[in-house]
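> here is my input; please provide its structure:
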Amino acid sequence: MARVEIIAPKDKADEVVKELLKIKSFQPEDPKTPISQEKVEEARRKYGEINEAISKLKVIMELGGVPLEPKGKMEVNNWIDISTKILENYRKFEDKYKELLEEIGKLRAELESLETQRRELEPFKNVGIDLSLLYNTETFDIALAIITEEQRKELEKRNFVVICECQKGGLYPAIIIGLRGSNLTQTLKELGIRRLETQDLVSPLQAYNNLMERINYIQSLLSERRGKLAESVVNDSEELSSLYGGLLTSRDAMYTLSKARVSNYYIQFEGFIPEKDLKTLNKKLGDKAFITYTYPKRFGDEEEPPTYVNLPSTIKPLESVVEYYGTPSYWEISPTVFLVITFPFLFGLMFPDFGNALVVLLFSIWFYNYGKKRGSLNIMQLSLVLIYGSIIAMITGILAREFFGPLPVGGLRELLDNPSLPVGPLYSIWPVSQSAYNTIRYILPTGGERGLINTIILSLLLGAILLFISSLMGVVNAIKKKDSEYLLLDRLPVLLIYTVPLIVFTYGLTYPQDFFGQIITLLGGIEYFIFHSGTPAPNGTQLLADILVIWIELALIYNWIGKMVILRKHEKLTVGGALAIGFIEGAFEAGILLISNTVSFIRVLVFAVAHYYILFAFSYMAYLAAGSPTSTIAVLSNPLGIIILILGNLIAIALEGLIVFIQDMRLHFYEMFSKFYEGRGRKFEPVMAYVELP
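Below you'll find the predicted structure:
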């Protein structure tokens, strides 16, 4: 990234802006050393007007169902003039739709008001007595109201009878009864309770029915007006898309001009541009302006440069996941490169069912097109992340021989664990044969007790590898940051700590024929060294176990000392305070995190097992609902069995799919990113032309 200063004659300003928009990689900034304090005030004003126009135009296009895709071509001689013309053109469309938009706005506002009244009346909609009679009895004071738990207790404390039933949100639709003269009205006022009232004090039943009639009428009227607007907007779709592109381009042009400084004869632009585009910039503007540039320091500069991450378009959407955590600083390695492999991989391991993953894939494709139509980049990027994850989940589902649960492939043979029973209709055509599955089943969570233990070890191995890589990236970032103190006292101790789990769970590679046995033996040796219980491991393995425990102890002490030095130097704590807090953060907490972060990856196994047995349970219910037949087809063709299977799969897809996505993010944000990623940078946001600029 380079910081560029461009000084051009004032009469070349429009040409310079045009070329900067066409390059599409220049982010304007306020000049560090301005040639004057005078700004292009007209551009600053127009920038605000154009932003407002874009917001309103997006509403019009969305209501009309027109995709938010900028199109068109612009001839530009003067950016201020062209922006004025585009705004005038927008106002013509605004005036054209103004009456309809205002009517739709009023109808929506009224509908919202009616819906609020409906929600208030709904708990009492079966009360058919007029409130005028109910509220004016000779013996009792009665009120209908929605109250809180605290208000209910206070009313009962004051000897009022409260008949109620708790609803969502802890609110109670209640009938409150007191003897005549019990000052119920005053009590309600004191407790802030509003008595339910209807127009002319008619019964809640009649008021609710009247309200529903009005709501239905407003909804039909709103639908009619929206249809009329949509028809008109669709007819103007090409012009609206062209106008949208013109507004976006003018907005960026005005933003660029608003950041500039002008003198009597010159205009000054300044901003950031990727180094790879410097040659293009010089080629486009070399004959129009004087260009100088500097390279910001990776760390220690007064200004934080924007972070430009050049990613292939196919993996760019995963950057949106990273941005939930924060934008990388200029000196940091972008976690997106790391995430592109790990995020879909972990999602697939936790959601191994080809059928369910296929549904998620189809939904993601629909959701992507929906986001594209709405012009929502966030929806489109999230959809692509789900697409990548679902593809991997389809692969793991094929390996696990799962398709909407065990019945379609394994059939009753798998469901009832009886080799004499029939298999599923997909059994013989499944890409992974039963013999191939039998070869790998002992590393799958559904492979019995042995498979469960082996999968736990593999989950911990995966965690150990990812945590080590994360810690290593933390060291690399510290080197790029050129902060030796940060490297030696903070990042290096963490790397040493997380090297131990890597050694433990890759130890099986020393004898691959007994991979899992070697790891279990080493873990037994570590247990023997710490607790002096059981039997020691064979000589070489026990020696390694002893070394690893001592390694951890020394690494934790090193981390403790590092935290002490940082606290003393930067937080100005006393020696005693630095010693105590350094121990808590550097030794005790770091040791707990070592165990919890590594063990946390067992959730990969847990969710894979949970997914399997949720579908297994619903498949078994379908089997029972079908009358416990001896044929798999009989279960799959039974109407009640089909309903149960569909319901179970919908629950697994909607609920578990969401949970797996969240847990995947959690593993990255808390277990991995915390080892190397700060995310305190600012995003590179260049100005660009959204239409063709000849």
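
> and for the protein, the residue most distant from the center?
residue 138 (59.8 Å; C-alpha atoms, centre = their mean).

> quick one: that one is in a helix?
No - going by DSSP: H, G, I helix; E, B strand; the rest coil, the assignment for residue 138 is coil, not a helix.

> for this structure, what's the longest helix?
The longest helix of the chain (DSSP state H) is helix 79-121.

> circling back to that earlier point, excluding chain neighbours, give the residue nearest to the residue farthest from the centre of the chain in space.
Spatially, and ignoring its direct neighbours in sequence, residue 138 is nearest to residue 180 (6.7 Å; C-beta to C-beta, 6 or more residues apart in numbering). Using the backbone N, CA and C atoms, a C-beta is placed for each residue, glycine as well.

> which other helices and strands contact the longest helix of the chain?
helix 13-23, helix 41-63, helix 204-235, helix 237-259 (3 or more C-beta pairs under 8 Å, 6 or more residues apart in numbering; DSSP states H and E).

> TSV please, covering those helices and showing distance to residue 149.
Shown next, in TSV, are the helices and strands packed on helix 79-121 (distance: least, C-beta to C-beta, whole Å):
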stretch	distance to residue 149
helix 13-23	59
helix 41-63	41
helix 204-235	23
helix 237-259	51
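
> out of those, flag the one nearest residue 423.
Set against residue 423 and scored by C-beta to C-beta, these come closest in helix 41-63, at 50.5 Å.

> thinking again about what came up before, gap between the residue nearest to residue 138 and residue 28?
75 Å (C-beta to C-beta, to the nearest Å).

> and for residue 522, nearest residue in space, chain neighbours not counted?
Closest to residue 522 by C-beta to C-beta, 6+ apart is residue 507, at 4.9 Å.

> ok, residue 7 next?
Going by C-beta to C-beta, 6+ apart, residue 7 has residue 290 as its nearest residue, at 4.7 Å.

> so who does that neighbour touch?
Contacts of residue 290 were listed using C-beta atoms under 8 Å, 6 or more residues apart in numbering, and they are 6-8.

> which one of the residues you listed has the most neighbours?
When neighbours are counted by other C-beta atoms under 10 Å, residue 6 leads these with 24 neighbours.

> I'd say that residue and residue 266 touch.
No - Residue 6 sits out of contact with residue 266 when judged by C-beta atoms under 8 Å, with a separation of 10.3 Å.

> run through the strands of this protein in chain order.
In the chain, the segments counted as strands under DSSP state E are 2-9, 27-28, 140-148, 161-164, 171-179, 261-262, 266-273, 290-294.

> for the last one, give the mean pLDDT please.
Read it as strand 290-294. The average pLDDT within strand 290-294 is 91.

> what's the answer for stretch 611-619, then?
When pLDDT is averaged along stretch 611-619, the result is 92.

> may I see the buried residues of it?
The neighbour-count check on stretch 611-619 (16 or more other C-beta atoms under 10 Å) flags 611-616, 618-619 as buried.

> what's in contact with it?
Outside stretch 611-619, the residues touching it (C-beta under 8 Å, 6+ apart) are 350-353, 356, 400, 402, 404-407, 415, 445-446, 635, 644-645, 647-649, 651-652, 656, 660.

> report the distance from that stretch to the chain centre.
27 Å (C-alpha atoms, centre = their mean, to the nearest Å).

> got it, and stretch 357-371?
The answer for stretch 357-371 is 16 Å, by C-alpha atoms, centre = their mean.

> try stretch 405-422
Per C-alpha atoms, centre = their mean, the centroid offset for stretch 405-422 relative to its chain is 38 Å.

> distance to residue 590 added to the buried residues of stretch 611-619, as TSV?
Shown next, in TSV, are the buried residues of stretch 611-619 (distance: C-beta to C-beta, whole Å):
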residue	distance to residue 590
611	33
612	35
613	36
614	37
615	40
616	40
618	43
619	45
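
> which of these fall in helices?
Going by DSSP H, the helices hold 611-616, 618-619 from the buried residues of stretch 611-619.

> just give me the closest of those to residue 411.
Checking those against residue 411 with C-beta to C-beta, the nearest one is residue 619 at 9.9 Å.

> quick one: residue 400 from residue 430, how far?
11 Å.

> give me the neighbour count for the residue lying closest to residue 108 once chain neighbours are set aside.
Distances taken as C-beta to C-beta, 6+ apart place residue 222 nearest to residue 108, at 6.7 Å, with adjacent residues excluded. For residue 222, the neighbour count with other C-beta under 10 Å is 17.

> ditto for the one 3 residues further on
One way to gauge burial is a neighbour count; for residue 225, by other C-beta under 10 Å, it gives 19.

> in stretch 466-484, which residues are buried?
Neighbour-count burial for stretch 466-484, with 16+ other C-beta under 10 Å as criterion, is recorded at 466-475, 477-478, 481, 483.

> now for the lowest-mean-pLDDT helix or strand in the chain, which elements pack on it?
Every helix and strand in the chain was compared by mean pLDDT, DSSP states H and E; the lowest is helix 319-325, with a mean of 73. Contacts defined by 3+ C-beta pairs under 8 Å, 6+ apart place helix 319-325 against helix 336-350, helix 377-400.

> the residue nearest to residue 7 and residue 20, how far apart?
From residue 290 to residue 20 the distance is 15 Å (C-beta to C-beta).

> before we move on, back to that, and the contacts of stretch 611-619, which are buried?
Taking 16+ other C-beta under 10 Å as the criterion, what is buried in these is 350-353, 356, 400, 402, 404-407, 415, 445-446, 635, 644-645, 648-649, 652, 656, 660.

> what about those residues, which are in helices?
350, 356, 400, 407, 415, 635, 644-645, 648-649, 660.

> nearest to residue 107, of these?
Of these, the one sitting nearest to residue 107 (C-beta to C-beta) turns out to be residue 649, at 39.6 Å.

> pull the contacting residues for the nearest residue to that closest one once chain neighbours are set aside.
Excluding the flanking residues, the one nearest residue 649 by C-beta to C-beta, 6+ apart is residue 404, at 5.2 Å. For residue 404, the contacting residues are 353, 355-356, 615, 645, 649, by C-beta under 8 Å, 6+ apart.

> if we use 7 Å, what do you get?
By C-beta atoms under 7 Å, 6 or more residues apart in numbering, the contact list for residue 404 reads 353, 355-356, 645, 649.

> and what of residue 634?
residue 626.

> of the ones in helices among the buried residues of stretch 611-619, closest to residue 667?
residue 611 (16.4 Å).

> state the distance from that closest one to residue 350.
7 Å.

> outline the domain layout of the chain.
Using automatic domain parsing, the domain parsing of the chain gives 129-202, 333-675.

> for those domains, which one sits closest to residue 232?
Nearest to residue 232, of all the domains of the chain, is domain 333-675, at 18.3 Å by C-beta to C-beta.
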